[in-house]
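Participant: have a look at this fold, sequence not included:
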């Protein structure tokens, strides 16, 4: 069975969504369609649908796409290279954050010592003034 043979019941259920979509559009005037199509919530929902569809198509056809297209091979090599670069950047960023974290810990420790010294000095000054 190839990928083009769809389960009929599944197709009917899915087709119900498109039928509902078409029914809603059929009830709208052209002005209303234009207004609705420009709403941010509608644009976001459409983008989410298209993104999921593209992901689905990619997952279904990624091996064929990469193996049958020189452009696909180049794009995949670029994708892998980009992932490697980002992974290296993560390691470097993590090391940088660890260094910053250690420096902040030293500063906190010094501030706490300074605060305790200030408090001790304040208590000593208060005792001298009350005598």
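Facilitator: Received, thanks. Treat the numbers as computed from the prediction; the structure is a model and nothing was measured. Residues are numbered from 1 along each chain as shown.
Participant: mind checking how far residue 57 is from residue 64?
Facilitator: For residue 57, the distance to residue 64 equals 11 Å [Cβ to Cβ, to the nearest Å]. Any C-beta I mention is one placed from the backbone N, CA and C, and that applies to glycine too.
Participant: which outside residues touch stretch 16-28?
Facilitator: Residues from elsewhere that reach stretch 16-28 (Cβ atoms under 8 Å, 6 or more residues apart in numbering): 33, 36.
Participant: now that stretch: buried residues?
Facilitator: Judged by neighbour count using 16 or more other Cβ atoms under 10 Å, stretch 16-28 contains no buried positions.
Participant: now that stretch: average pLDDT?
Facilitator: For stretch 16-28, mean pLDDT rounds to 90.
Participant: likewise stretch 63-70?
Facilitator: On average, stretch 63-70 scores 90.
Participant: just the buried residues of it, please?
Facilitator: So for stretch 63-70, counting by 16+ other Cβ under 10 Å, buried means residue 65.
Participant: how about residues contacting it?
Facilitator: With Cβ under 8 Å, 6+ apart, stretch 63-70 has contacts from 58, 72, 73, 76.
Participant: buried among these? Need that as a selection in PyMOL.
Facilitator: Of the contacts of stretch 63-70, the buried ones go into a single PyMOL selection, burial set by 16+ other Cβ under 10 Å:
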select buried, resi 72
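Participant: let's have the contacts of stretch 63-70 in a markdown table, adding secondary structure and distance to residue 37.
Facilitator: Below are the contacts of stretch 63-70 laid out as a markdown table (DSSP: H, G, I helix; E, B strand; the rest coil; distance: Cβ to Cβ, whole Å):
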| residue | secondary structure | distance to residue 37 |
| --- | --- | --- |
| 58 | helix | 26 |
| 72 | helix | 33 |
| 73 | helix | 37 |
| 76 | helix | 35 |
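Participant: quick check, nearest of the contacts of stretch 63-70 to residue 99?
Facilitator: residue 76 (35.4 Å; Cβ to Cβ).
Participant: tell me the buried residues in stretch 105-125?
Facilitator: Per 16+ other Cβ under 10 Å, stretch 105-125 contains no buried residues.
Participant: give the rounded mean pLDDT of that stretch.
Facilitator: 84.
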